[in-house]
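Q: Just the structure for this:
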Amino acid sequence: MKIAAVIPARYKSTRFEGKPLAPILNKPMVRHVYESVIKSDALSEVLIATEDSRVYDACRGFGANVIMTKDTHQSGTDRVIEAAAGTGADIILNIQGDEPLVNTEIIDALIKPFKEGSDILYTSVKTPIYSYDEFTDPNNVKVVVDKNNFGIYFSRSPIPYDRGNPQGLKDFKDMFGFKHLGFYGYTKDFLIEFGKMPPSYLEKKEMLEQLRAIENGYKIKVNTVSISTIPVDVPGDIKKVENFILKSYNK
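A: This is a model prediction of the structure:
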């Protein structure tokens, strides 16, 4: 089984233009992602996919395998699909270029279901939520799963809703639910098929493209990891990531 990781790195981000090249502790963000991903021994190939020559040149500068893709893609997944077409891999991992804290635990959790079952087409990961603020923040996607860890629903709303204790939720001392982390694994054949599906009703409501698969009757295996990453959506997130890295170094 050959497994390739593709890192979509779009320069023209609406909320943060030039994001892949934003410095985190004097190193471009996309380099942090790439150097974390290549630590995995399970991968046969790691590829950065971008639409901008500045990102391309920077990635070539630190020795990364990088390709230019179309600048008309509507999502990172579309960029991954274009890049995946040129690989000989059976399994494709989508590792977002704005996730500088990705690690091998996440990569292993994405890959494991494919090794355990031949019927697995699509994987992702989740992590426990113990904070009320994190649970109610619409920027954090929540997921509920069945007893076999297949996703039932993904939402920006707090799910599941605790009907028996709606007023005392802030004082809850246990786990609230699961946060979905935006990393994905697919069989190459399914990824290509997924790209042909039109955006679905729930996907457009929640702005979560994984709902497209569920609405079309496909299952997503969502394994649990012990860490929560800090995606970089806006410039202010850079300092959060730097503080996390510095604390980790000083432990």
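
Q: list the buried ones in stretch 12-25?
A: Judged by neighbour count (16 or more other CB atoms under 10 Å), stretch 12-25 contains these buried residues: 13, 16, 18-22, 24. The C-beta positions use only the backbone N, C-alpha and C, and glycine is treated the same way.

Q: same for the top strand by length along the chain, what does it pack against?
A: For the chain, the longest strand by residue count, based on DSSP state E, is strand 177-187. Where contact means 3 or more CB pairs under 8 Å, 6 or more residues apart in numbering; DSSP states H and E, strand 177-187 is packed against strand 91-95, helix 104-116, strand 122-129, strand 142-145, strand 221-224.

Q: Turn those into JSON lines, including distance to L47, mean pLDDT and mean neighbour count.
A: Listed next are these as JSON lines, based on distance: least, CB to CB, whole Å; pLDDT from 0 to 100; neighbours: other CB atoms under 10 Å:
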{"stretch": "strand 91-95", "distance to L47": "10", "mean pLDDT": "98", "mean neighbour count": "26"}
{"stretch": "helix 104-116", "distance to L47": "14", "mean pLDDT": "97", "mean neighbour count": "19"}
{"stretch": "strand 122-129", "distance to L47": "19", "mean pLDDT": "97", "mean neighbour count": "22"}
{"stretch": "strand 142-145", "distance to L47": "27", "mean pLDDT": "98", "mean neighbour count": "21"}
{"stretch": "strand 221-224", "distance to L47": "23", "mean pLDDT": "98", "mean neighbour count": "20"}
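
Q: now the end-to-end length of stretch 126-144.
A: The straight-line separation of the ends of stretch 126-144 (CA to CA, to the nearest Å) is 10 Å.

Q: which residues sit against that stretch?
A: 124, 145, 151-160, 169-170, 172, 174-182, 208, 222-228, 233 (CB atoms under 8 Å, 6 or more residues apart in numbering).

Q: chain center to that stretch, what's the gap?
A: What separates the centre of stretch 126-144 from the centre of its chain is 15 Å, taken as CA atoms, centre = their mean, to the nearest Å.

Q: if we can go back for a sec, could you list the buried residues of the longest strand of the chain?
A: For strand 177-187, a neighbour-count test (16+ other CB under 10 Å) marks 177-187 as buried.

Q: got it, and stretch 143-160?
A: 143-145, 149-151, 153-155, 158-159.

Q: Among the residues you listed, find me the one that's closest to S53.
A: Lowest distance from S53 to the buried residues of stretch 143-160 (CB to CB) belongs to F154, with 34.7 Å.

Q: which ones are touching the closest one?
A: 141-143, 180, 206, 208, 210-211, 214.

Q: which of the residues you listed are the two that sit furthest away from each other?
A: The span of those, defined through CB to CB, is set by K142 and I214 at 14.3 Å.

Q: Residues in contact with stretch 61-71: which ones?
A: Against stretch 61-71 from outside (CB under 8 Å, 6+ apart): 12, 28, 31, 34, 45-53, 55-56, 59-60, 79, 82-83, 86.
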